[in-house]
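In: The following comprises the amino acid sequence and a computationally predicted model.
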Amino acid sequence: MAEYSVKDRLEIPAKGSAVIVVDMQNDFVHPNGALFVPDAPKTVPAIARLLDKARKAGVPVFYTQDWHDEDDPEFAIWGRHAVAGTWGAEIVEELKPRKGDVLIKKLRYDGFYGTSLDHLLRLKGVKRLVVVGTVANICVLHTAGSAALRWYEVVVPMDGVSALNEGDYHFALRQIDFLYRGSVVRSVDGIEFV
Ligand code: ZN
């Protein structure tokens with residue numbers, strides 16, 4: 001089993017931080033979705049609590065949405081999912097974006113690839129990202145890794161991410177801790193914006 005260190009508590013300056021909610025879309029999180037991740041619904045209450053804390057502290061919230069054309073080559077790997085403009089590509093009802101939140105439509109696993117995410121984060125002076133969402137070892141890891149390669153500091157709460165199996169889940173957290181020198185925090189409840 002992959003080993004990594006876990007923090008119980010982490011204080012994060014609200015200034016210079018942002019939350020990124022990765023792909024919490026119907027196709028991944030709703031039981032009727034095309035690529036349902038059975039553990040994803042369990043993360044919804046934790047993510048909702050994190051968003052509540054962030055909004056109260058004035059921390060900007062970004063959402064990524066997997067957003068594919070009808071004939072996207074990625075469908076050869078995963079089947080048809082998150083087609084632009086469909087129900088499956090919408091953010092789940094419980095985590096609906098609010099006014100002022102930023103939605104980033106992404107082409108591949110990495111939320112930075114071919115999108116304006118880096119530019120928009122820099123305009124807001126963001127240096128530190130709390131990353132939650134699904135799938136832990138796919139779009140969450142690629143987005144967190146891509147952030148770390150750009151020298152953003154990355155924080156991932158364990159109850160805010162989900163994978164298709166336990167091995168993938170722990171692998172992703174180990175990469176974030178070891179490879180990307182991010183912070184793995186046991187729960188969103190241990191994160192305080194100060
Ligand atoms: Zn996709």
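Out: That came through, no problem. Residues are numbered from 1 along each chain as shown.

In: what's the neighbour count on His30?
Out: By other CB atoms under 10 Å, the residues close to His30 number 19. C-betas here are computed from N, CA, C, even on glycine.

In: My read is that it contacts Pro38, right?
Out: No. Using CB atoms under 8 Å, His30 is not in contact with Pro38; the gap is 11.4 Å.

In: residues shared between the contacts of those two?
Out: Common contacts of His30 and Pro38 (CB atoms under 8 Å, 6 or more residues apart in numbering): none found.

In: The ion contacts on the chain?
Out: 66, 74 (CB under 5 Å from the ion).

In: Next SSE downstream of the lengthiest helix in the chain?
Out: Ranked by residue count and defined by DSSP state H, the top helix of the chain is helix 40-56. Of the helices and strands lying after helix 40-56 in sequence (DSSP states H and E), the nearest is strand 61-66.

In: bridging residues for the residue of the chain found nearest the ion?
Out: Here the chain gets closest to the ion at one residue, Asp66, 4.1 Å apart by CB to the ion. Beta bridges link Asp66 to Lys106, judged by DSSP bridges.

In: doesn't Val29 make contact with it?
Out: No. If you go by CB under 8 Å, Asp66 and Val29 don't touch, sitting 11.5 Å apart.

In: which residues do those two both contact?
Out: If you check Asp66 and Val29 against CB under 8 Å, 6+ apart, no residue is contacted by both.

In: and the most centrally placed residue in the chain, what does it touch?
Out: When CA atoms, centre = their mean is applied to the chain, the residue found nearest the centroid is Val22 (3.0 Å). By CB under 8 Å, 6+ apart, the contact set of Val22 is 64, 111, 131-134, 139-140, 143.

In: Let's have those residues in JSON lines, adding pLDDT, secondary structure and neighbour count.
Out: Shown next, in JSON lines, are those (pLDDT from 0 to 100; DSSP: H, G, I helix; E, B strand; the rest coil; neighbours: other CB atoms under 10 Å):
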{"residue": "Thr64", "pLDDT": "98", "secondary structure": "strand", "neighbour count": "28"}
{"residue": "Gly111", "pLDDT": "98", "secondary structure": "coil", "neighbour count": "31"}
{"residue": "Val131", "pLDDT": "98", "secondary structure": "strand", "neighbour count": "30"}
{"residue": "Val132", "pLDDT": "98", "secondary structure": "strand", "neighbour count": "28"}
{"residue": "Gly133", "pLDDT": "98", "secondary structure": "strand", "neighbour count": "29"}
{"residue": "Thr134", "pLDDT": "98", "secondary structure": "strand", "neighbour count": "27"}
{"residue": "Cys139", "pLDDT": "98", "secondary structure": "helix", "neighbour count": "22"}
{"residue": "Val140", "pLDDT": "98", "secondary structure": "helix", "neighbour count": "30"}
{"residue": "Thr143", "pLDDT": "98", "secondary structure": "helix", "neighbour count": "26"}
